[in-house]
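Asker: Here's a sequence, model it:
(2 chains, ligands or ions: 2)
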2 protein chains.
Amino acid sequence: TRVLVLNCGSSSVKYRLVDMADGRRLAGGLAERIGEGDGGRIVHTSGSGKPREQSHLFPDHAAALKAVAEELRADGLGLDAPGLAAVGHRVVHGGTRFTAPTLVTDEVLDEVRALTPLAPLHNPANVTGIEVARSLRPDLPQVAVFDTAFHATLPEHAARYALDRAVADRYSVRRYGFHGTSHQYVSRSTAALLGRDPAEVNVIVLHLGNGASASAVAGGVCVETSMGMTPLEGLVMGTRSGDIDPAVVFHLHRVGGLSVDALDELLNRRSGLLGLCGENDMREIVRRREQGDAEAGTAFDVYIHRLRKYIGAYCAVLGRVDALAFTAGVGENSAPVRSAATAGLEGLGIAVDPARNALPPQGPRLISADHSRVAVAVVPTDEEFEIARQTFALVHRSRG
Amino acid sequence: TRVLVLNCGSSSVKYRLVDMADGRRLAGGLAERIGEGDGGRIVHTSGSGKPREQSHLFPDHAAALKAVAEELRADGLGLDAPGLAAVGHRVVHGGTRFTAPTLVTDEVLDEVRALTPLAPLHNPANVTGIEVARSLRPDLPQVAVFDTAFHATLPEHAARYALDRAVADRYSVRRYGFHGTSHQYVSRSTAALLGRDPAEVNVIVLHLGNGASASAVAGGVCVETSMGMTPLEGLVMGTRSGDIDPAVVFHLHRVGGLSVDALDELLNRRSGLLGLCGENDMREIVRRREQGDAEAGTAFDVYIHRLRKYIGAYCAVLGRVDALAFTAGVGENSAPVRSAATAGLEGLGIAVDPARNALPPQGPRLISADHSRVAVAVVPTDEEFEIARQTFALVHRSRG
Ligand SMILES: Nc1ncnc2c1ncn2[C@@H]1O[C@H](COP(=O)(O)OP(=O)(O)O)[C@@H](O)[C@H]1O
Ligand SMILES: Nc1ncnc2c1ncn2[C@@H]1O[C@H](COP(=O)(O)OP(=O)(O)O)[C@@H](O)[C@H]1O
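Answerer: Ligands and ions are numbered 1, 2, ... in the order given. Take a look at the predicted model:
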């Protein structure tokens, strides 16, 4: 049995076909530049083979998904081949309505559409992906897996902003959190790495990719996370500011004459590491910093300082911390980031072993020093696998 | 020798006359409803006497300051009486220009005025107060003491937001921090309480008044603070939201149709504890919560949760924490807040002794349990005294 995972963005489709017997990736790839005229292409990888690239014109998501289906068919794994159990869709915003993976119906689609004001860029693309996949195989179960769902357990004191209650409730303003499938997968994998039941361990997960978020997971239950109503809040990211005095928005509007839309674009697309040093690839920042580049140095230092504040904050939130897990592009690959983020935190029971930290990326592993009270781990995330797992579990359950 | 301290708000003047020989308050009071038509009044207290109240019409700050001068004269301590060494003025925003108490000159006044975009409500009133005081005693040194100055030592990684560098620098966007005289006074008093040199101790100061802010002070030097470019950022306050996803502003503008000015007013004046439960007096919130009021309960829990995150964050920032100090209206008086904010933080070395915590307000004192690694203190703040002290030190130095 197989599950096809689709992650539809506004101009791209990421996909993976997963063998549910062993979690193996049977095929996967990326279709890009949908609706952008020239330059569309699909990069497809069969099994553990080499990626092969094809140029295409993708006027819309339907065209791109048809190309994906073609590629899979060429591998003998088309949408019609027997054994495809379901399609699992990543959906960014589930609001307070969706707190678990959900079998798609017309009603569900309407409800996901209704959440568009909370995720104007993402939810419409996710909905389109679901619609096209349904039209290709109307008989197949389609499952929506929400980025926000793992954070649905946030206690009210963590989810509610200190905002006028009526305004907040009327406009659905609260902390939702994102990267949920990653935080869920990594917190569980971290428990497995420690050889312990997830229900027994308290984990701080640092998902450091181009987007970045932290979460505090107590016995498998998420109790706090750094992204908020949108993915803008929290840690310093590739292009997003993360936490900032909201009055900066008022000030730049009044004094700088920037419109609300321009400010949204500024904070989401031209801030973060990019805004600080003109670069959002952490590899490049580390390199420039080592060569004495002051702006790259500041960008790194701001990034690290803010990370350390979240580590400390979540130590207070959890009370007892068993593990700290680094994941995603930066977290899995950047020893300098992990080292700087944890230096001098012995007072919090955290100590990293430099030699272990310096080892090249591999599977899940510990990098803490032997005397560290808190286990420090590097755990590769796998959101596609987690979506497949949750999709399959739901389909299986509803059939069994 | 005496110093007169003036704290001029947009419609009020707080004042205190301090004897510099022993720090004693010789007189003090509050003139209210300046420029608001009827209902103006001054409440004056001589020495340790009873407050006496007088109705007035205060068309402007000049009228109010004249009434203050009258009251002082009635005590034999008028502006012309010998021994008045200087007037110390609280000024809210010193930008990056003013990092220490400053003798007022025409040029200084111009520079303080130029900072108005950063503190549109406060700096103009502060300037008016200085102008009127100068006109009453042109020969007397007037000293500006800035709320931001103690935070001028913030390292760049704490002061700089992850924002486009050019935009930030052009519009002076950075973390300035406020309540500086209080954080300075309390961190020093905490060291004194421990019988140690301030240069040796790392202190987390929690200033919890109607406005609220936290700071991390390493060996007497402030290295991080929770208020930002404006006093809106950080902890939950009486009427301010503190930290919030900046995208909430974008969302409420688009979906709720609120203007930027309305959003400014919402987050600064109708949020925080008031927004959460219709009440911003912590005494009342604690009382309602004890009676089972759910909204008061949530308001309390959100307030505490956010406080705990800052305690943890600043443990990470400081690495080694020697003391945690509670101050201002809530911090000095609310045992339930102190207890909830520190419960279960043994992992951070923090443990409060319930009996010590429950004692009624008094001078500076320790409330930590004997086994607590971190000393937990309640330290009454005294911003007026600190302004007087800094004013006198400057005048003295420039004369000596
Ligand atoms: N060796 C490395 N050192 C530092 N950063 C790395 C390294 N490899 C990848 N990255 C960072 O990972 C980021 C992408 O992470 P990823 O988790 O794929 O992001 P996302 O899924 O959010 O787009 C890139 O911005 C890059 O800077
Ligand atoms: N016994 C008490 N318990 C709880 N809160 C108190 C108590 N006494 C005073 N407060 C709180 O202190 C706050 C005022 O603190 P203060 O430091 O005077 O504020 P500010 O100077 O910022 O106006 C009030 O909002 C009130 O809720």
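Asker: start to end distance for stretch A:142-159?
Answerer: Stretch A:142-159 has an end-to-end distance of 29 Å (criterion: C-alpha to C-alpha, to the nearest Å).
Asker: Could you see whether chain B lies near it?
Answerer: Yes. Contact of stretch A:142-159 with chain B (C-beta under 8 Å from any C-beta of the partner chain) involves A:155-158. Just so you know, the C-beta spots here come from the backbone N, C-alpha and C atoms, and that holds for glycine as well.
Asker: Sort out which of those residues are buried, if you could.
Answerer: The neighbour-count test (16 or more other C-beta atoms under 10 Å in any protein chain shown) marks A:155, A:157-158 as buried among the residues of stretch A:142-159 next to chain B.
Asker: of those residues, closest to ligand 1?
Answerer: Among those, A:Ala158 lies closest to ligand 1 (C-beta to the nearest ligand atom), at 23.2 Å.
Asker: Let me know the pLDDT of the closest residue to the closest one other than its chain neighbours.
Answerer: Excluding its sequence neighbours, the residue lying closest to A:Ala158 (C-beta to C-beta, 6 or more residues apart in numbering or on different chains) is A:Glu224, at 4.7 Å. If you check A:Glu224, the pLDDT there is 98.
Asker: ok but A:Gln186 is inside a strand, no?
Answerer: For the record, residue A:186 is Val, not Gln. No. A:Val186 is assigned helix when assessed by DSSP: H, G, I helix; E, B strand; the rest coil, not a strand.
Asker: measure it to A:Gly331 for me?
Answerer: To A:Gly331, A:Val186 is 9 Å away according to C-beta to C-beta, to the nearest Å.
Asker: which neighbours do those two share?
Answerer: By C-beta atoms under 8 Å, 6 or more residues apart in numbering or on different chains, A:Val186 and A:Gly331 have these common neighbours: A:His207.
Asker: ok, these two, which is more surrounded?
Answerer: Remark: of A:Val186 and A:Gly331, A:Val186 carries more neighbours, 31 against 25, as counted by other C-beta atoms under 10 Å in any protein chain shown.
Asker: in chain A, which spans are strands?
Answerer: Taking DSSP state E, the strands of chain A run over residues A:2-8, A:13-19, A:24-32, A:41-46, A:52-55, A:84-91, A:102-103, A:142-146, A:202-208, A:212-218, A:221-225, A:323-327, A:365-366, A:375-378.
Asker: Name the surrounding residues that touch the least confident helix or strand in chain A by mean pLDDT.
Answerer: Of all helical and strand segments in chain A, the minimum by mean pLDDT, DSSP states H and E falls on helix A:383-399, at a mean of 91. Under the criterion C-beta under 8 Å, 6+ apart, residues A:1, A:3, A:5, A:7, A:14, A:16, A:18, A:20, A:23, A:25, A:28, A:85-90, A:101-103, A:141, A:143, A:145, A:179, A:181-182, A:184-185 lie in contact with helix A:383-399.
Asker: List the residues that contact the residue nearest to A:Ile244 when sequence neighbours are not counted.
Answerer: Excluding its sequence neighbours, the residue lying closest to A:Ile244 (C-beta to C-beta, 6+ apart) is B:Tyr161, at 4.9 Å. Counting by C-beta under 8 Å, 6+ apart, B:Tyr161 touches A:241, A:244-245, A:248, A:271, B:168, B:173-175, B:228-229.
Asker: Backbone torsions only: list them for B:Tyr161.
Answerer: phi -80, psi 160 (degrees, to the nearest 10).
Asker: repeat for the one 10 residues further on
Answerer: Per-residue torsions, B:Tyr171: phi -110, psi 20 (degrees, to the nearest 10).
Asker: Counting neighbours, what do you get for it?
Answerer: With other C-beta under 10 Å as criterion, B:Tyr171 counts 19.
Asker: what about the residue of the stretch 101-250 of chain A found nearest ligand 1, how many neighbours?
Answerer: Closest contact between the stretch 101-250 of chain A and ligand 1, by C-beta to the nearest ligand atom, is at A:Gly209 (2.6 Å). By other C-beta under 10 Å, 19 other residues sit near A:Gly209.
Asker: I'd like to know how far the closest residue to ligand 2 within the stretch 251-400 of chain A sits from B:Ser241.
Answerer: Nearest to ligand 2 in the stretch 251-400 of chain A, going by C-beta to the nearest ligand atom, is A:Ala316, at a distance of 21.8 Å. Computed as C-beta to C-beta, the A:Ala316 to B:Ser241 distance reads 20 Å.
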